[in-house]
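Enquirer: coords below, sequence missing:
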């Protein structure tokens, strides 16, 4: 339907994936993430993140209900005209960035002195899409240094999916890494409240310092499976540049750089106690019936059902229905495979 407009959509900054999602919303008038995910064979985090970008650009809008968040189309003529007007307003600023953009594009397939493939991005959205792909393919471990809260918000959903798959996540941070953010611990525990991870606060900086365009910046890292090093140049919540490459030796060095710091505080983000209790009982004996689960946890009635519904909807627990000795159906529960509680 919109194929003839695709070149223009690319001109205003949409990726091929975002164009695909925009086409879907325009043609179907609306859509929720789970439906779009199944229809287009994409991951939940890809769909949710990129639909949010389209909404931020003013191309679609959403309404959140108790069950889900539904995205709706806006008349393309109105929406695209508004986007064009906004683009004209910032066109002069874009001219100054042309040279930088060209350098970025040329360096995406760059040559590393250590002979390993690497990437460069100054565009946050391009870098986050790359992070999504790497994190979605993670298997064992993700280690993170202090990073801008804004970036953690953007990758929270894919970190959550990694945790659900059984990936172990550690985050090191130090207040010394920030100039004006004084409540970093509170910020990250709020942002990552759904993600089970270990948070380690250190006395010394977890980020190295470097110069970027004559500015002294932090260099934070996101290390994946002991193989992929992603470096982020930032000051507080302002991001300047991203680099990344495959290099196990450098990943090990970066990980060691954080592990040798003086630990001031170490905590694990867990589920609230009633939820964690239910998970521990299911883990110890699975499959387990509702009645036995209620007896062992001393949680019954509507509260137990509420917790189980939450864990099922989050993809943490599976529910099965079997016939009992009397012929009546009974429900049993197990943890999803690979999940480490």
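Expert: Cool, got the structure. Computed from a predicted structure; not experimentally measured.
Enquirer: Whichever strand or helix holds residue 275 packs against which elements?
Expert: Residue 275 belongs to helix 273-284 when assigned by DSSP states H and E. Applying 3 or more C-beta pairs under 8 Å, 6 or more residues apart in numbering; DSSP states H and E, one finds that helix 273-284 contacts helix 290-297, helix 301-313, strand 329-335. C-beta: built from backbone N, CA, C; applies to glycine.
Enquirer: switch to 6 Å and redo it
Expert: On a contact count with 3 or more C-beta pairs under 6 Å, 6 or more residues apart in numbering; DSSP states H and E, helix 273-284 meets helix 290-297, strand 329-335.
Enquirer: isn't residue 168 right up against residue 141?
Expert: Yes - applying C-beta atoms under 6 Å as the test, residue 168 and residue 141 come out as touching, 4.9 Å apart.
Enquirer: quick revisit: what is the rounded mean pLDDT of the helix holding residue 275?
Expert: Helix 273-284 shows a mean pLDDT of 82.
Enquirer: Same question for it: list its buried residues.
Expert: Within helix 273-284, the residues that count as buried by 16 or more other C-beta atoms under 10 Å are 275, 277, 278, 279, 281, 282.
Enquirer: same deal with stretch 256-276?
Expert: So for stretch 256-276, counting by 16+ other C-beta under 10 Å, buried means 257, 258, 261, 269, 271, 275.
Enquirer: now do stretch 155-169
Expert: Within stretch 155-169, judged by 16+ other C-beta under 10 Å, the buried ones are 155-165, 167, 169.
Enquirer: Could you dump those into a markdown table with distance to residue 187 and secondary structure added?
Expert: Listed next are these as a markdown table, based on distance: C-beta to C-beta, whole Å; DSSP: H, G, I helix; E, B strand; the rest coil:
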| residue | distance to residue 187 | secondary structure |
| --- | --- | --- |
| 155 | 14 | helix |
| 156 | 12 | helix |
| 157 | 17 | helix |
| 158 | 19 | helix |
| 159 | 15 | helix |
| 160 | 17 | helix |
| 161 | 21 | helix |
| 162 | 20 | helix |
| 163 | 19 | helix |
| 164 | 23 | helix |
| 165 | 25 | coil |
| 167 | 22 | coil |
| 169 | 17 | strand |
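Enquirer: So for the residue nearest to the spatial centre of the chain, what's the nearest residue that isn't a sequence neighbour?
Expert: Nearest to the geometric centre of the chain sits residue 155, at 2.4 Å (C-alpha atoms, centre = their mean). Leaving aside its sequence neighbours, residue 155 sits nearest to residue 131 (C-beta to C-beta, 6 or more residues apart in numbering; 5.5 Å).
Enquirer: what does residue 300 give?
Expert: With C-beta to C-beta, 6+ apart as the criterion, residue 300 has its nearest non-adjacent residue at 4.5 Å, and that residue is residue 294.
Enquirer: got a pLDDT number for the one you found?
Expert: 88.
Enquirer: repeat for the one 5 residues further on
Expert: Per-residue pLDDT puts residue 299 at 84.
Enquirer: Now for it, how many residues are close by?
Expert: Residues lying near residue 299 (other C-beta atoms under 10 Å) number 19.
Enquirer: what does the one 5 residues further on give?
Expert: By other C-beta under 10 Å, the residues close to residue 304 number 17.
Enquirer: what does residue 22 give?
Expert: The tally of other residues near residue 22 (other C-beta under 10 Å) stands at 24.
Enquirer: So which other helices or strands are in contact with the helix or strand containing it?
Expert: Assigned by DSSP H and E, residue 22 belongs to helix 16-28. Packed against helix 16-28, as judged by 3+ C-beta pairs under 6 Å, 6+ apart, are the following elements: helix 44-56, strand 69-73.
Enquirer: 10 Å - rerun?
Expert: Counting contacts by 3 or more C-beta pairs under 10 Å, 6 or more residues apart in numbering; DSSP states H and E, helix 16-28 is packed against helix 6-11, strand 30-32, helix 33-40, helix 44-56, strand 60-64, strand 69-73, helix 76-107, helix 124-136.
Enquirer: which stretch in these is the model least sure about?
Expert: Lowest mean pLDDT of the helices and strands packed on helix 16-28: helix 76-107, a mean of 58.
Enquirer: check contacts around residue 44.
Expert: By C-beta atoms under 10 Å, 6 or more residues apart in numbering, the residues touching residue 44 are 33, 34, 36, 37, 38, 136, 157, 158, 160, 161, 315.
Enquirer: Which stretches in the stretch 151-300 of the chain count as helices?
Expert: Secondary structure of the stretch 151-300 of the chain (DSSP state H, counting those that start in this stretch): helices located at 184-191, 248-259, 273-284, 290-297.
Enquirer: Please convert those to TSV, extending it with distance to residue 206.
Expert: What follows is these, written out as TSV (distance: least, C-beta to C-beta, whole Å):
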stretch	distance to residue 206
helix 184-191	11
helix 248-259	5
helix 273-284	28
helix 290-297	38
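Enquirer: Could you check the angle the helix holding residue 275 makes with strand 329-335?
Expert: Counting by axes from the mean of the first three to the mean of the last three C-alpha atoms, to 10 degrees, helix 273-284 points 90 degrees away from the direction of strand 329-335.
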